[in-house]
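Participant: sequence and predicted structure, then a few things I'm wondering about:
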Amino acid sequence: MRVSVTLPLLLLSVCVHSAEEEHTKAVGDEIVLTPGDPKVLGTIYSIEWKHGVDLAMGWDGEFEAYRQFRDRGKLNVSTGEMTITGLEKNDSGIYTSRINHDEKIPTMLRVFNRVPKLTLTYTHFDDHYELTCNGDTTGIQDPTYNWKINGELQDHQHDRQLVIPHNPTFLTTKVVCEMENPVSQERSNSVRLNNRTIIGMMVFFTSILVVTGTIFAHRMLSGRWFYEQPSMPWTAEFWKKQPGNGGNKSHVRDAADGKAEENESMTLKE
């Protein structure tokens, strides 16, 4: 007989627990706790709200309020609703109402602090980067961290710190961290991690191309190699066409012609 009585009570307890309403709010928010449909409740002549096992507010012709609910609690005698303003973390818990001495389905209220502003910092090592998602997590219950690399969410990375090895396929890697809890979400500043090996090689070869191009451009403009110029590179004469090579050839031809004429004259005299 004891078993037949205990089993229905156990089933009733499970049903009540499964039917319990849940609300999630942030510190500073406002909530309206509802005992049920006013049409079903009918005329209300008695209201009682408990926070856990302690009486929070009541009305049976006169208002009663206790503890923090004196300043932040309100009762609607027409609907039986209790409003709590400026929610604080200690407002979390189970709230149970009794309307006309009839207990209603309990309501679970969870109050969370909002997650803080975030700052992303990193340290560079020879073969990897170490990144840290910084924020004041005092009073934050079990925050969840998320990381995005080049816009892609890293599904298995949920720690405060992240290690990224050097990636030879990316010139720049963009990283962002996020923190969230049931009532809020924040995103950090983005950080760009440069692949120093690739950038160094690009700078090296670009410098070679610039220097080589400048040397050949000077050769075409001046007609001489830069080391043959008597002037300095920052002077205008350095880049001007010089008669050096052409003039030397002309003098050689003139000297040769003169020598030939002299030989011819000597032959005629003989």
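Facilitator: That came in fine, so what should we check first?
Participant: all contacts plus neighbour counts: C-alpha atoms, from now on.
Facilitator: Will do.
Participant: how about residue 150: what's its closest non-neighbour residue?
Facilitator: residue 174 (4.9 Å; C-alpha to C-alpha, 6 or more residues apart in numbering).
Participant: and the helix or strand harbouring residue 108, what does it pack against?
Facilitator: Assigned by DSSP states H and E, residue 108 belongs to strand 107-112. Under the contact criterion of 3 or more C-alpha pairs under 8 Å, 6 or more residues apart in numbering; DSSP states H and E, strand 107-112 touches strand 21-26, strand 93-99.
Participant: contacting residues around it?
Facilitator: Residues outside strand 107-112 that contact it (C-alpha atoms under 8 Å, 6 or more residues apart in numbering): 20-27, 33, 87-96, 140-141, 182-183.
Participant: among those, name the buried ones.
Facilitator: For the contacts of strand 107-112, a burial check counting by 16 or more other C-alpha atoms under 10 Å picks out 21, 25-27, 33, 87-89, 91-92, 94-96, 182.
Participant: by mean pLDDT, point me to the weakest helix or strand of this protein.
Facilitator: Using mean pLDDT, DSSP states H and E, helix 2-19 stands out as the lowest-scoring helix or strand of the chain, at a mean of 41.
Participant: tell me the strands beside the host helix or strand of residue 50, with direction?
Facilitator: For residue 50, the host element (DSSP H and E) is strand 47-51. Using DSSP bridges, strand 47-51 pairs in its sheet with strand 54-59 (antiparallel), strand 93-99 (antiparallel).
Participant: show me what the helix or strand where residue 186 lies is packed against.
Facilitator: Residue 186 is located in strand 184-187, with elements delineated by DSSP H and E. Secondary-structure packing of strand 184-187 (3+ C-alpha pairs under 8 Å, 6+ apart): strand 172-181.
Participant: could you export the strand it packs on as PDB, CA atoms only?
Facilitator: Provided in PDB are the C-alpha atoms of strand 172-181 (Å, rounded to 0.1, in the frame of the first residue of the first chain):
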ATOM      1  CA  THR A 172      48.200  37.800 -42.800                       C
ATOM      2  CA  THR A 173      46.000  36.000 -40.300                       C
ATOM      3  CA  LYS A 174      43.100  38.000 -38.700                       C
ATOM      4  CA  VAL A 175      42.000  36.800 -35.200                       C
ATOM      5  CA  VAL A 176      39.000  37.800 -33.000                       C
ATOM      6  CA  CYS A 177      37.900  36.400 -29.700                       C
ATOM      7  CA  GLU A 178      34.400  36.500 -28.200                       C
ATOM      8  CA  MET A 179      32.900  35.800 -24.800                       C
ATOM      9  CA  GLU A 180      29.300  35.000 -24.100                       C
ATOM     10  CA  ASN A 181      27.000  33.800 -21.300                       C
END
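Participant: quick one: it to strand 107-112, angle?
Facilitator: Angle of strand 172-181 versus strand 107-112, following axes from the mean of the first three to the mean of the last three C-alpha atoms, to 10 degrees, is 140 degrees.
Participant: check the burial of residue 46 by counting its neighbours.
Facilitator: With neighbours defined by other C-alpha atoms under 10 Å, the count for residue 46 comes to 17.
Participant: wait, isn't it in contact with residue 97?
Facilitator: No: shown here, residue 46 and residue 97 do not form a contact pair, counting by C-alpha atoms under 8 Å, at 10.4 Å.
Participant: quick check: closest non-adjacent residue to residue 184.
Facilitator: residue 114 (5.5 Å).
Participant: check contacts around that neighbour.
Facilitator: By C-alpha under 8 Å, 6+ apart, the contact set of residue 114 is 26, 27, 140, 181, 183, 184, 185.
Participant: right, I'll call it a day here.
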